[in-house]
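could you work out the structure for the sequence below:
(one chain, ligands or ions: 1)
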Amino acid sequence: MISVATLGSHCSLQVLKGAKDEGLKTILVCEKKREKLYRRFSFIDELILVNSFSEILEQRCQSTLEKNNAVMIPHGTLIAQMTSEQIESIKTPIFGNKWILRWESDREMKEKLMREANLPVPRPVTNPKDINNLVIVKRQGAAGGKGYFMAANEQDYDKKRNQLISDGIISEDETLYIQEYAAGVLAYLQFFYSPLKEEVEFFGVDQRHESDIEGLARIPSEQQLKSDKVPSFNVIGNSPLVLRESLLDEVYRMGENFVEASKKLVAPGMNGPFCIEGVYDENAKFTSFEFSARIVAGTNIYMDGSPYYSLLFNEQMSMGKRIAREIKIADASNQLDIVTT
Ligand code: AMP
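Have a look, this model is predicted:
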(Lines give C-alpha, C1' and ligand atoms only; values in the text may rest on other atoms or scores of the structure.)
Protein backbone atom coordinates (compact mmCIF):
# COMPACT_ATOMS: atom_id res chain seq x y z
CA MET A 1 0.00 0.00 0.00
CA ILE A 2 1.11 3.55 -0.77
CA SER A 3 1.54 5.99 2.07
CA VAL A 4 1.72 9.76 2.08
CA ALA A 5 4.42 11.49 4.13
CA THR A 6 5.15 15.12 4.87
CA LEU A 7 6.98 17.37 7.35
CA GLY A 8 5.02 18.44 10.44
CA SER A 9 4.35 22.11 9.70
CA HIS A 10 2.76 24.44 7.11
CA CYS A 11 -0.17 22.37 5.71
CA SER A 12 0.67 18.89 7.01
CA LEU A 13 -2.66 18.43 8.79
CA GLN A 14 -4.63 19.15 5.65
CA VAL A 15 -2.37 16.95 3.50
CA LEU A 16 -2.52 13.94 5.83
CA LYS A 17 -6.26 14.28 6.52
CA GLY A 18 -6.83 14.30 2.75
CA ALA A 19 -4.64 11.22 2.34
CA LYS A 20 -6.47 9.40 5.12
CA ASP A 21 -9.84 10.25 3.55
CA GLU A 22 -8.56 8.64 0.35
CA GLY A 23 -7.67 5.48 2.29
CA LEU A 24 -3.89 5.93 2.22
CA LYS A 25 -1.52 5.42 5.14
CA THR A 26 -0.21 8.68 6.62
CA ILE A 27 3.26 9.42 7.99
CA LEU A 28 4.43 12.62 9.63
CA VAL A 29 8.08 13.56 10.00
CA CYS A 30 7.74 15.38 13.29
CA GLU A 31 10.13 17.49 15.33
CA LYS A 32 10.21 16.15 18.88
CA LYS A 33 9.14 19.54 20.24
CA ARG A 34 5.87 19.29 18.28
CA GLU A 35 5.03 15.66 19.07
CA LYS A 36 2.30 16.58 21.55
CA LEU A 37 0.53 18.76 19.01
CA TYR A 38 0.47 16.18 16.24
CA ARG A 39 -0.52 13.27 18.53
CA ARG A 40 -3.88 15.02 18.87
CA PHE A 41 -4.85 13.99 15.34
CA SER A 42 -5.98 10.40 14.89
CA PHE A 43 -5.65 10.44 11.10
CA ILE A 44 -1.84 10.44 11.45
CA ASP A 45 -0.85 6.78 11.40
CA GLU A 46 2.86 7.05 12.12
CA LEU A 47 5.26 9.67 13.41
CA ILE A 48 8.94 9.69 12.53
CA LEU A 49 10.46 11.76 15.33
CA VAL A 50 13.45 13.95 14.50
CA ASN A 51 15.40 16.73 16.16
CA SER A 52 15.54 18.66 12.91
CA PHE A 53 13.93 18.15 9.50
CA SER A 54 17.28 17.68 7.75
CA GLU A 55 17.34 14.22 9.37
CA ILE A 56 15.03 13.04 6.59
CA LEU A 57 18.20 12.70 4.52
CA GLU A 58 19.53 10.10 6.95
CA GLN A 59 19.29 6.39 6.38
CA ARG A 60 16.93 5.80 9.34
CA CYS A 61 14.21 8.09 7.92
CA GLN A 62 14.76 7.13 4.30
CA SER A 63 14.42 3.41 5.01
CA THR A 64 11.21 3.90 7.05
CA LEU A 65 9.76 5.90 4.18
CA GLU A 66 10.90 3.33 1.63
CA LYS A 67 9.47 0.44 3.65
CA ASN A 68 6.10 2.23 3.62
CA ASN A 69 6.11 3.00 -0.11
CA ALA A 70 5.88 6.65 0.82
CA VAL A 71 5.32 9.57 -1.48
CA MET A 72 6.56 12.80 0.11
CA ILE A 73 4.48 15.95 -0.29
CA PRO A 74 6.77 19.01 -0.40
CA HIS A 75 5.64 22.29 1.15
CA GLY A 76 7.05 25.67 2.21
CA THR A 77 8.85 24.33 5.28
CA LEU A 78 10.87 21.89 3.19
CA ILE A 79 11.99 24.76 0.95
CA ALA A 80 12.65 27.13 3.84
CA GLN A 81 14.72 24.68 5.86
CA MET A 82 16.65 22.72 3.27
CA THR A 83 18.89 23.66 0.36
CA SER A 84 17.91 22.80 -3.21
CA GLU A 85 20.76 20.24 -3.29
CA GLN A 86 19.41 18.54 -0.18
CA ILE A 87 15.86 18.43 -1.54
CA GLU A 88 17.06 17.04 -4.86
CA SER A 89 19.00 14.30 -3.06
CA ILE A 90 15.95 12.94 -1.20
CA LYS A 91 15.48 9.33 -2.33
CA THR A 92 11.78 9.13 -1.45
CA PRO A 93 9.60 9.96 -4.47
CA ILE A 94 8.47 13.59 -4.22
CA PHE A 95 4.98 14.51 -5.40
CA GLY A 96 5.10 16.96 -8.31
CA ASN A 97 8.45 18.13 -9.66
CA LYS A 98 11.30 18.44 -7.14
CA TRP A 99 13.52 20.09 -9.78
CA ILE A 100 11.21 23.10 -10.06
CA LEU A 101 11.58 23.86 -6.34
CA ARG A 102 15.03 25.30 -7.11
CA TRP A 103 13.30 27.72 -9.50
CA GLU A 104 11.09 28.85 -6.66
CA SER A 105 14.01 29.43 -4.28
CA ASP A 106 16.32 31.32 -6.64
CA ARG A 107 15.12 34.83 -7.47
CA GLU A 108 16.75 35.02 -10.92
CA MET A 109 15.47 31.61 -12.00
CA LYS A 110 12.06 32.53 -10.64
CA GLU A 111 11.92 35.67 -12.74
CA LYS A 112 13.00 33.74 -15.84
CA LEU A 113 10.20 31.21 -15.47
CA MET A 114 7.63 33.93 -14.81
CA ARG A 115 8.71 35.81 -17.94
CA GLU A 116 8.56 32.62 -20.01
CA ALA A 117 4.99 32.17 -18.70
CA ASN A 118 4.17 35.72 -19.86
CA LEU A 119 3.20 36.78 -16.37
CA PRO A 120 3.33 40.54 -15.92
CA VAL A 121 6.07 40.90 -13.27
CA PRO A 122 7.06 44.08 -11.38
CA ARG A 123 10.26 45.71 -12.67
CA PRO A 124 13.35 44.39 -10.87
CA VAL A 125 15.92 46.96 -9.72
CA THR A 126 19.46 45.61 -9.92
CA ASN A 127 21.25 48.47 -8.19
CA PRO A 128 19.97 50.39 -5.12
CA LYS A 129 21.19 53.56 -6.88
CA ASP A 130 18.38 53.08 -9.41
CA ILE A 131 15.55 53.13 -6.88
CA ASN A 132 13.30 55.99 -7.94
CA ASN A 133 9.85 54.55 -7.21
CA LEU A 134 8.60 52.71 -4.15
CA VAL A 135 10.26 49.26 -4.06
CA ILE A 136 10.02 46.16 -1.92
CA VAL A 137 13.27 44.49 -0.88
CA LYS A 138 13.17 40.71 -0.51
CA ARG A 139 15.31 37.91 0.79
CA GLN A 140 16.09 34.69 -1.10
CA GLY A 141 14.00 31.54 -0.63
CA ALA A 142 10.66 31.02 1.06
CA ALA A 143 11.40 33.41 3.92
CA GLY A 144 7.67 34.05 4.37
CA GLY A 145 8.15 37.79 4.04
CA LYS A 146 10.24 38.09 7.22
CA GLY A 147 12.94 40.73 6.87
CA TYR A 148 11.37 42.26 3.75
CA PHE A 149 11.16 46.04 3.68
CA MET A 150 10.03 48.91 1.50
CA ALA A 151 12.24 51.75 0.32
CA ALA A 152 11.67 54.96 -1.61
CA ASN A 153 15.28 55.73 -2.62
CA GLU A 154 18.88 54.57 -2.14
CA GLN A 155 19.37 56.40 1.14
CA ASP A 156 16.18 54.91 2.57
CA TYR A 157 17.33 51.46 1.36
CA ASP A 158 20.73 51.77 3.06
CA LYS A 159 19.22 52.97 6.31
CA LYS A 160 16.70 50.12 6.56
CA ARG A 161 19.15 47.46 5.41
CA ASN A 162 21.66 48.57 8.04
CA GLN A 163 18.99 48.57 10.70
CA LEU A 164 17.93 44.99 9.84
CA ILE A 165 21.58 43.89 9.86
CA SER A 166 22.16 45.38 13.29
CA ASP A 167 18.91 43.78 14.53
CA GLY A 168 20.31 40.41 13.34
CA ILE A 169 17.39 39.84 10.95
CA ILE A 170 19.48 39.79 7.77
CA SER A 171 23.19 39.19 7.35
CA GLU A 172 25.75 41.58 5.84
CA ASP A 173 26.60 39.29 2.92
CA GLU A 174 22.98 38.41 2.05
CA THR A 175 22.01 39.19 -1.55
CA LEU A 176 18.75 41.08 -1.48
CA TYR A 177 16.31 41.25 -4.37
CA ILE A 178 14.74 44.62 -5.15
CA GLN A 179 11.49 44.90 -7.03
CA GLU A 180 9.05 47.71 -7.79
CA TYR A 181 6.17 47.78 -5.32
CA ALA A 182 2.83 46.90 -6.94
CA ALA A 183 -0.18 48.40 -5.19
CA GLY A 184 -3.67 46.88 -5.30
CA VAL A 185 -5.77 44.00 -4.00
CA LEU A 186 -3.63 41.02 -3.05
CA ALA A 187 -4.68 37.69 -4.56
CA TYR A 188 -2.89 34.35 -4.27
CA LEU A 189 -4.24 32.13 -7.04
CA GLN A 190 -4.13 28.42 -6.23
CA PHE A 191 -4.03 25.78 -8.97
CA PHE A 192 -3.56 22.06 -9.49
CA TYR A 193 -2.18 20.57 -12.70
CA SER A 194 -2.92 16.93 -13.29
CA PRO A 195 -0.40 15.33 -15.64
CA LEU A 196 -2.72 12.30 -15.77
CA LYS A 197 -5.65 14.33 -17.14
CA GLU A 198 -3.37 16.97 -18.70
CA GLU A 199 -5.62 19.63 -17.23
CA VAL A 200 -5.23 22.76 -15.11
CA GLU A 201 -7.76 23.10 -12.28
CA PHE A 202 -8.34 26.40 -10.49
CA PHE A 203 -8.76 25.64 -6.80
CA GLY A 204 -9.15 28.93 -4.97
CA VAL A 205 -7.83 32.29 -3.89
CA ASP A 206 -6.52 33.46 -0.57
CA GLN A 207 -5.15 36.59 0.97
CA ARG A 208 -2.29 36.64 3.44
CA HIS A 209 -2.25 38.59 6.63
CA GLU A 210 1.21 39.91 7.21
CA SER A 211 2.64 41.42 10.34
CA ASP A 212 3.32 44.08 11.01
CA ILE A 213 2.72 45.83 7.69
CA GLU A 214 -1.02 45.33 8.34
CA GLY A 215 -0.75 46.67 11.86
CA LEU A 216 0.71 49.86 10.44
CA ALA A 217 -2.50 50.62 8.56
CA ARG A 218 -4.38 50.73 11.88
CA ILE A 219 -2.23 53.53 13.24
CA PRO A 220 -2.91 57.20 12.38
CA SER A 221 -0.34 58.75 10.05
CA GLU A 222 0.92 61.03 12.80
CA GLN A 223 2.15 58.00 14.81
CA GLN A 224 3.35 56.21 11.68
CA LEU A 225 5.65 59.12 10.86
CA LYS A 226 7.15 59.07 14.35
CA SER A 227 7.96 55.36 14.23
CA ASP A 228 11.35 54.29 12.87
CA LYS A 229 10.57 50.58 13.10
CA VAL A 230 10.98 48.73 9.77
CA PRO A 231 7.68 46.90 9.17
CA SER A 232 7.95 43.31 8.02
CA PHE A 233 5.75 41.05 5.83
CA ASN A 234 5.73 38.02 8.15
CA VAL A 235 2.74 35.80 7.26
CA ILE A 236 0.48 35.16 10.26
CA GLY A 237 -2.56 33.63 8.61
CA ASN A 238 -4.77 33.51 5.53
CA SER A 239 -8.34 34.34 4.62
CA PRO A 240 -10.51 33.38 1.63
CA LEU A 241 -11.35 35.46 -1.41
CA VAL A 242 -13.53 34.91 -4.45
CA LEU A 243 -12.91 36.83 -7.64
CA ARG A 244 -15.25 38.66 -9.96
CA GLU A 245 -16.36 35.96 -12.37
CA SER A 246 -15.19 38.07 -15.31
CA LEU A 247 -11.59 37.59 -14.09
CA LEU A 248 -11.69 33.79 -14.19
CA ASP A 249 -10.89 33.37 -17.86
CA GLU A 250 -7.59 35.20 -17.42
CA VAL A 251 -6.86 33.25 -14.24
CA TYR A 252 -7.11 29.95 -16.14
CA ARG A 253 -4.96 31.38 -18.93
CA MET A 254 -2.24 32.37 -16.48
CA GLY A 255 -2.30 28.91 -14.90
CA GLU A 256 -2.08 27.23 -18.30
CA ASN A 257 0.73 29.51 -19.47
CA PHE A 258 2.65 28.73 -16.32
CA VAL A 259 2.29 24.98 -16.88
CA GLU A 260 3.41 25.32 -20.52
CA ALA A 261 6.44 27.45 -19.59
CA SER A 262 7.46 24.98 -16.88
CA LYS A 263 7.33 22.10 -19.34
CA LYS A 264 9.81 23.99 -21.54
CA LEU A 265 12.23 25.07 -18.82
CA VAL A 266 12.18 22.36 -16.18
CA ALA A 267 11.05 18.85 -17.10
CA PRO A 268 8.64 17.25 -16.36
CA GLY A 269 6.94 20.62 -15.75
CA MET A 270 4.61 22.00 -13.11
CA ASN A 271 2.79 18.90 -11.91
CA GLY A 272 0.51 19.06 -8.87
CA PRO A 273 -0.38 22.13 -6.81
CA PHE A 274 1.07 25.58 -7.41
CA CYS A 275 0.22 29.21 -6.73
CA ILE A 276 0.59 32.46 -8.66
CA GLU A 277 0.78 35.42 -6.31
CA GLY A 278 0.17 39.07 -7.04
CA VAL A 279 -2.10 42.07 -6.98
CA TYR A 280 -5.01 43.44 -9.02
CA ASP A 281 -4.77 47.18 -9.71
CA GLU A 282 -7.62 49.66 -10.18
CA ASN A 283 -8.15 48.44 -13.74
CA ALA A 284 -8.31 44.79 -12.56
CA LYS A 285 -4.93 44.23 -14.22
CA PHE A 286 -2.94 41.53 -12.47
CA THR A 287 0.76 41.91 -11.64
CA SER A 288 2.46 38.80 -10.33
CA PHE A 289 5.38 39.11 -7.92
CA GLU A 290 5.82 35.49 -6.98
CA PHE A 291 4.93 31.84 -7.54
CA SER A 292 5.06 28.76 -5.35
CA ALA A 293 5.75 25.50 -7.17
CA ARG A 294 4.04 23.32 -4.56
CA ILE A 295 1.06 23.42 -2.20
CA VAL A 296 0.68 26.76 -0.38
CA ALA A 297 -0.51 27.15 3.21
CA GLY A 298 -3.34 29.37 1.95
CA THR A 299 -5.13 26.19 0.81
CA ASN A 300 -5.63 25.37 4.52
CA ILE A 301 -8.66 27.67 4.44
CA TYR A 302 -10.48 25.17 2.27
CA MET A 303 -10.08 21.91 4.21
CA ASP A 304 -13.76 21.16 3.52
CA GLY A 305 -13.45 22.07 -0.15
CA SER A 306 -13.16 25.37 -1.99
CA PRO A 307 -15.87 27.33 -3.84
CA TYR A 308 -14.23 26.62 -7.21
CA TYR A 309 -13.65 22.91 -6.54
CA SER A 310 -17.32 22.54 -5.57
CA LEU A 311 -17.98 23.43 -9.23
CA LEU A 312 -15.62 20.70 -10.46
CA PHE A 313 -16.23 17.90 -7.94
CA ASN A 314 -19.52 16.67 -6.49
CA GLU A 315 -17.87 16.09 -3.13
CA GLN A 316 -15.86 18.05 -0.60
CA MET A 317 -12.34 18.22 -2.01
CA SER A 318 -9.42 19.87 -0.23
CA MET A 319 -6.07 20.33 -1.94
CA GLY A 320 -4.66 17.62 0.33
CA LYS A 321 -7.37 15.21 -0.79
CA ARG A 322 -6.84 16.20 -4.46
CA ILE A 323 -3.15 15.31 -4.14
CA ALA A 324 -3.99 11.96 -2.55
CA ARG A 325 -6.58 11.27 -5.27
CA GLU A 326 -3.96 11.85 -7.97
CA ILE A 327 -1.52 9.51 -6.20
CA LYS A 328 -4.20 6.84 -5.85
CA ILE A 329 -5.23 7.02 -9.50
CA ALA A 330 -1.59 7.01 -10.62
CA ASP A 331 -0.79 4.01 -8.43
CA ALA A 332 -3.80 2.04 -9.68
CA SER A 333 -2.69 2.57 -13.28
CA ASN A 334 1.04 2.07 -12.65
CA GLN A 335 1.81 5.71 -13.39
CA LEU A 336 3.34 6.86 -10.11
CA ASP A 337 6.45 7.90 -12.03
CA ILE A 338 4.35 10.50 -13.89
CA VAL A 339 3.14 12.26 -10.74
CA THR A 340 6.40 12.08 -8.77
CA THR A 341 10.08 12.86 -9.27
P1 AMP B 1 6.79 37.06 -1.48
O2 AMP B 1 7.83 36.36 -0.61
O3 AMP B 1 7.33 37.54 -2.77
O4 AMP B 1 5.52 36.26 -1.58
O5 AMP B 1 6.38 38.39 -0.71
C6 AMP B 1 5.82 38.42 0.60
C7 AMP B 1 4.81 39.53 0.68
O8 AMP B 1 5.36 40.78 0.29
C9 AMP B 1 3.63 39.33 -0.27
O10 AMP B 1 2.65 38.51 0.30
C11 AMP B 1 3.14 40.75 -0.47
O12 AMP B 1 2.36 41.23 0.59
C13 AMP B 1 4.41 41.54 -0.47
N14 AMP B 1 4.95 41.76 -1.82
C15 AMP B 1 5.91 41.03 -2.43
N16 AMP B 1 6.25 41.56 -3.62
C17 AMP B 1 5.49 42.65 -3.80
C18 AMP B 1 5.38 43.63 -4.82
N19 AMP B 1 6.18 43.63 -5.91
N20 AMP B 1 4.47 44.62 -4.66
C21 AMP B 1 3.69 44.66 -3.55
N22 AMP B 1 3.76 43.78 -2.55
C23 AMP B 1 4.64 42.78 -2.64
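
just checking, what packs against the longest helix anywhere in the chain?
For the chain, the longest helix by residue count, based on DSSP state H, is helix 248-265. Counting contacts by 3 or more Cβ pairs under 8 Å, 6 or more residues apart in numbering; DSSP states H and E, helix 248-265 packs against helix 107-116, strand 185-194, strand 199-212, strand 272-280, strand 286-292. C-beta here means a position set from N, CA and C on the backbone, and glycine is covered the same way.

which outside residues touch the fourth one?
Think strand 272-280. The contact list for strand 272-280 (Cβ atoms under 8 Å, 6 or more residues apart in numbering) reads 95-97, 119, 182-193, 203, 247, 254-255, 258, 286-296, 298-299, 319, 322-323, 326, 339.

that strand pairs with which strands, and in what direction?
strand 185-194 (antiparallel), strand 286-292 (antiparallel) (DSSP bridges).

let me have the ones you listed in CSV, extended by distance to residue 167.
Conversion of the strands paired with strand 272-280 to CSV gives the following (distance: least, Cβ to Cβ, whole Å):
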stretch, distance to residue 167
strand 185-194, 26
strand 286-292, 24
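
how about the helices of the protein, start to end?
Counting by DSSP H, the helices of the chain are 12-21, 35-38, 59-67, 76-81, 84-88, 101-105, 107-116, 154-166, 213-216, 221-226, 248-265, 309-312, 319-332, 336-339.

to residue 232, which of the ones you listed lies closest?
helix 213-216 (6.9 Å; Cβ to Cβ).

does the ligand sit close to that closest one?
No. Shown here: helix 213-216 not in contact with the ligand (Cβ under 6 Å from any ligand atom), separated by at least 7.0 Å.

would you map out the domains in this protein?
Using automatic domain parsing, the domain parsing of the chain gives 3-94, 105-120+184-339, 124-180.

make JSON lines from those domains and add mean pLDDT and mean neighbour count to it.
As requested, the domains of the chain are exported to JSON lines (pLDDT from 0 to 100; neighbours: other Cβ atoms under 10 Å):
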{"stretch": "domain 3-94", "mean pLDDT": "97", "mean neighbour count": "18"}
{"stretch": "domain 105-120+184-339", "mean pLDDT": "96", "mean neighbour count": "18"}
{"stretch": "domain 124-180", "mean pLDDT": "89", "mean neighbour count": "16"}
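
out of the strands paired with strand 272-280, which gets nearest to the ligand?
strand 286-292 (3.6 Å; Cβ to the nearest ligand atom).
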